[in-house]
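Trainee: Turn this into a model:
(2 chains)
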Amino acid sequence: MKVYFTIFHAYMKTLLQYRIAAFAGIVTQVFWGILLIIIYKAFCASSPGSAPMSIQDFIIYTWLVQATFRLIPFGIDTEIQQMMSKGVIGFELVRPVSLLHLWMARYLAKRLAPTLLRFFPTMIISLLFLGMKLPVSISGCIGWFVSLFLALWLSAVISLLMSLTLFWTISGEGISHMMTVLIYSTSGQILPLQIFPDHIAFILRLLPFSGMVDLPNRYYIGTLSLSQLPMTVLFQLSWIFILLGVCQVLYNKSTKKIVIQGG
Amino acid sequence: MSVIRIENLCKTFHSGRKNEVKALDHIHFTIDKGEFVGFIGPNGAGKSTTIKILTGILVPDSGLCEVLNLVPWKNRIQNAKQFGVVFGQKTQLWWDLPLQDSFAILKDMYAIPTAQYQSQLTNLIQLLHLESLLKRPVRQLSLGERMKADLVASLLHQPAILFLDEPTIGLDIPTKLAMRQFLKTINRQLETTILLATHDMNDIEELCPRILFIHHGKILKDSTLERVRKELLDEKRISFEIEPSSDFHPIPETTLINQSENRIELSFHPETIAITDLIEKITSQVSVDNLVIESPSIEEIVMKLYQSATG
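Mentor: Below is the predicted model:
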């Protein structure tokens, strides 16, 4: 067990070195956030009274999304992709550890470290200057934090699943582009799911992706209350375990067919 | 006691529907504890495939393979604790982390007790003179430094077996010599069984009493270097300089290999003609300078081995 923590720690240590990248990221995020808010305000102004979400909620939601931008997977992990194409993956297999757990620890760190670097500055900037508000209540804050913690795990499992497809596709370009669009549009990352028509939002909220963005954010805004937290946790945990199961099956299949070329 | 046992091992690679490559075709060998075995053969002969099967990365089609009584692909995780491996073209170290952090991760991966880890690390670091590199990120190491570090990494858990796949590729001569010295020490001191796949014949000559020659997925020779030399190219070479104008008549017991204006090279079998007699026969004809007697180089022997395998 300790080894997975060590791996997690090593990646955190590595990734927290990328501070300039984080700074550049924050600038982009802030710009993007302002743009979204201006567009939404314009929509609301053009048809008053029919807004599916209040402007204040939209602003908070938008800054939450920008602050936790790196929590959700953005395409297939390039490091593992390179391992696959260069065959270094062999080294991962000569270790006396489970590859799945090893990669899971890696992804938890890979999702968490850049998020931590960006979260606090983005929150502070948006709280001070850009109309961001603190959580509506303590209970909202608890709900947000718990579901965000599970969102991290969900995100890591989805990253793991995408990486495992590399055993078949090697380059992973296709999966990478497809999944990025899918995840971004259905998780609430681009627009809050509340803005979608009801029947579409209903379906999107059954998919695992909403558990990474939309669910935690609704606790922060206050559209979900603490009494609904057990259902949320159950929803997120179910998806985590289902997807882990799929990962296990894929992994068992892949290790039988793996071919590492060349010397 | 045999630490590696391979019987009738087969592995075929498929590419497309019709192309089949028999990477391993019923190979068979055993290696005993403490042996230092050279694994040679042309590119694509099956060396790396064998090592990948032994390390549990690849699953063979059929046959038996045991590493210290474990089947690698069935007990991948337990087996992984028994061996260390270095692939010359790849690194197992963490690119962005200082070297000592990479080692610390391996300590936890292999669950090495702290005291054992400390003494082994100190020992290895001293043997390879890596003290000054421990705090440097791996990406800043030179190829030679990185290879040495990779060797240390593969030995931290004191494996019974070490697999080396072209560990000296691209290294300069001092580094190669240091690596060879190190491997000799490890093999002798810790009785580590070593299987070395390489194209560097000097590695083989320096290190390996026994060689396995693999070609087209078949083991064609399992022998000592001396015996292979005797079988294939059991001759000596004599070469010397003569005055450009002087006339040299062939000596019946020898074969002329090379003749330039002032240098002559002959091959002979010491059984047919004694060296002293030969020199006498030469010096009675012409006055010679710069006379050299040598055995064919290991490269030539291996070339002959490759030719006899293909021909």
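Trainee: Show me where the stretch 151-300 of chain B has its strands.
Mentor: With DSSP state E, counting those that start in this stretch as the criterion, the stretch 151-300 of chain B has strands at B:161-165, B:193-197, B:210-215, B:218-224, B:236-242, B:255-259, B:263-268, B:288-294.
Trainee: Could you export those strands as a markdown table, including mean pLDDT and mean neighbour count?
Mentor: Using the backbone N, CA and C atoms, a C-beta is placed for each residue, glycine as well. Output for the strands of the stretch 151-300 of chain B, formatted as a markdown table (pLDDT from 0 to 100; neighbours: other C-beta atoms under 10 Å in any protein chain shown):
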| stretch | mean pLDDT | mean neighbour count |
| --- | --- | --- |
| strand B:161-165 | 94 | 24 |
| strand B:193-197 | 95 | 25 |
| strand B:210-215 | 92 | 22 |
| strand B:218-224 | 90 | 17 |
| strand B:236-242 | 88 | 19 |
| strand B:255-259 | 86 | 12 |
| strand B:263-268 | 88 | 18 |
| strand B:288-294 | 87 | 12 |
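Trainee: Please name whichever of those is nearest to chain A.
Mentor: Evaluated over the strands of the stretch 151-300 of chain B, closeness to chain A peaks at strand B:161-165, with 6.0 Å, by C-beta to the nearest C-beta.
Trainee: Sheet-wise, list the partners of the closest one with their directions.
Mentor: Partners of strand B:161-165 in the sheet, by DSSP bridges, are strand B:83-87 (parallel), strand B:193-197 (parallel).
Trainee: how about the CA coordinates for it, as PDB?
Mentor: In PDB, the C-alpha atoms belonging to strand B:161-165 read as follows (Å, rounded to 0.1, in the frame of the first residue of the first chain):
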ATOM      1  CA  ILE B 161      19.200 -12.700 -11.400                       C
ATOM      2  CA  LEU B 162      20.200  -9.700 -13.500                       C
ATOM      3  CA  PHE B 163      19.000  -9.400 -17.100                       C
ATOM      4  CA  LEU B 164      20.900  -7.000 -19.200                       C
ATOM      5  CA  ASP B 165      19.700  -6.100 -22.700                       C
END
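Trainee: next one: that strand to chain centre, how far?
Mentor: Averaging C-alpha positions (C-alpha atoms, centre = their mean, to the nearest Å) puts strand B:161-165 10 Å from its chain's average.
Trainee: With stretch A:120-133 instead?
Mentor: For stretch A:120-133, the distance to the chain centre is 20 Å (C-alpha atoms, centre = their mean).
Trainee: can you tell me the helix or strand for residue B:66?
Mentor: Element membership of residue B:66, judged by DSSP states H and E, is strand B:62-67.
Trainee: Quick one: mean pLDDT over that strand.
Mentor: Per-region confidence: strand B:62-67 scores 93 on mean pLDDT.
Trainee: give the contact list for residue B:66.
Mentor: B:4, B:5, B:6 (C-beta atoms under 8 Å, 6 or more residues apart in numbering or on different chains).
Trainee: how does it look with 6 Å?
Mentor: Listed by C-beta atoms under 6 Å, 6 or more residues apart in numbering or on different chains, the contact partners of residue B:66 are residue B:5.
Trainee: pLDDT weak spots in the chain?
Mentor: Because you didn't say which chain, this covers chain A. Along chain A, segments meeting pLDDT under 70 span A:257-263.
Trainee: You answered for a different chain; I wanted chain B.
Mentor: B:311.
Trainee: Tell me the residues on the stretch 1-150 of chain A that lie near chain B, please.
Mentor: Contacts of the stretch 1-150 of chain A with chain B, taken as C-beta under 6 Å from any C-beta of the partner chain, map to A:2-3, A:6, A:10, A:14, A:88, A:90-91, A:93-97.
Trainee: Using TSV, lay out those residues together with neighbour count and secondary structure.
Mentor: Shown next, in TSV, are these (neighbours: other C-beta atoms under 10 Å in any protein chain shown; DSSP: H, G, I helix; E, B strand; the rest coil):
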residue	neighbour count	secondary structure
A:2	10	helix
A:3	21	helix
A:6	18	helix
A:10	21	helix
A:14	18	helix
A:88	18	coil
A:90	23	helix
A:91	20	helix
A:93	20	helix
A:94	23	coil
A:95	19	coil
A:96	16	coil
A:97	19	coil
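Trainee: Rebuild the residues you listed as CSV, extending it with distance to residue B:74.
Mentor: As requested, these are exported to CSV (distance: C-beta to C-beta, whole Å):
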residue, distance to residue B:74
A:2, 26
A:3, 22
A:6, 27
A:10, 30
A:14, 34
A:88, 24
A:90, 18
A:91, 20
A:93, 14
A:94, 15
A:95, 17
A:96, 14
A:97, 17
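Trainee: any idea which of the residues you listed is the one closest to residue B:46?
Mentor: residue A:90 (16.1 Å; C-beta to C-beta).
Trainee: returning to that earlier point: indicate which one of the strands of the stretch 151-300 of chain B is closest to residue B:67.
Mentor: Nearest of the strands of the stretch 151-300 of chain B (C-beta to C-beta): strand B:161-165, 6.7 Å.
Trainee: can you list contacts of that closest one?
Mentor: Contact partners of strand B:161-165, identified using C-beta under 6 Å, 6+ apart, comprise B:3, B:48, B:51, B:83-87, B:192-197.
Trainee: Geometric centre of chain A: which residue is closest?
Mentor: Per C-alpha atoms, centre = their mean, the C-alpha nearest to the average position across chain A is that of residue A:72, at 1.6 Å.
Trainee: For residue A:253, grab the count of nearby residues.
Mentor: Neighbour count of residue A:253, defined by other C-beta atoms under 10 Å in any protein chain shown: 13.
Trainee: did I read that right, it in a helix?
Mentor: Yes - the assignment for residue A:253 by DSSP: H, G, I helix; E, B strand; the rest coil puts it in a helix.
Trainee: what bridges to residue B:87?
Mentor: With DSSP bridges applied, residue B:87 shows beta-bridge pairing to residue B:165.
Trainee: Quick check: the residue of chain B most remote from its centre vs residue B:290, distance?
Mentor: Centroid-distance maximum for chain B: residue B:245 at 45.7 Å, with C-alpha atoms, centre = their mean. Residue B:245 sits 17 Å away from residue B:290, going by C-beta to C-beta, to the nearest Å.
Trainee: Looking from chain B, tell me which residue of the stretch 51-200 of chain A is nearest.
Mentor: Residue of the stretch 51-200 of chain A nearest chain B, by C-beta to the nearest C-beta: residue A:96 (3.9 Å).
Trainee: For chain B, which residues are neighbours of chain A?
Mentor: Counting by C-beta under 6 Å from any C-beta, chain B sits next to chain A at B:48, B:55, B:57, B:59, B:77, B:80-81, B:85, B:90, B:92, B:96-97, B:105, B:108-109, B:166.
Trainee: Kindly list the main-chain dihedrals of the closest residue to residue B:55 other than its chain neighbours?
Mentor: Distances taken as C-beta to C-beta, 6 or more residues apart in numbering or on different chains put residue A:94 closest to residue B:55, at 4.9 Å, once the chain neighbours are dropped. In terms of degrees, to the nearest 10, the main-chain angles of residue A:94 are phi -90, psi 10.
Trainee: what's the distance between residue A:94 and residue A:120?
Mentor: From residue A:94 to residue A:120 the distance is 39 Å (C-beta to C-beta).
Trainee: repeat for residue A:74
Mentor: To residue A:120, residue A:74 is 20 Å away according to C-beta to C-beta.
Trainee: Give me the more crowded residue out of the two.
Mentor: Neighbour totals were compared for residue A:74 and residue A:120, and residue A:74 leads with 15 against 11 (other C-beta under 10 Å).
Trainee: Quick one: classify that one as helix, strand or coil.
Mentor: Here residue A:74 is coil, with the state taken from three-state DSSP.
Trainee: One more: the one 5 residues further on?
Mentor: At residue A:79, secondary structure determined by three-state DSSP is helix.
Trainee: Next, the buried residues of stretch A:40-52.
Mentor: By neighbour count with 16 or more other C-beta atoms under 10 Å in any protein chain shown, stretch A:40-52 contains the buried residues A:40, A:44, A:51.
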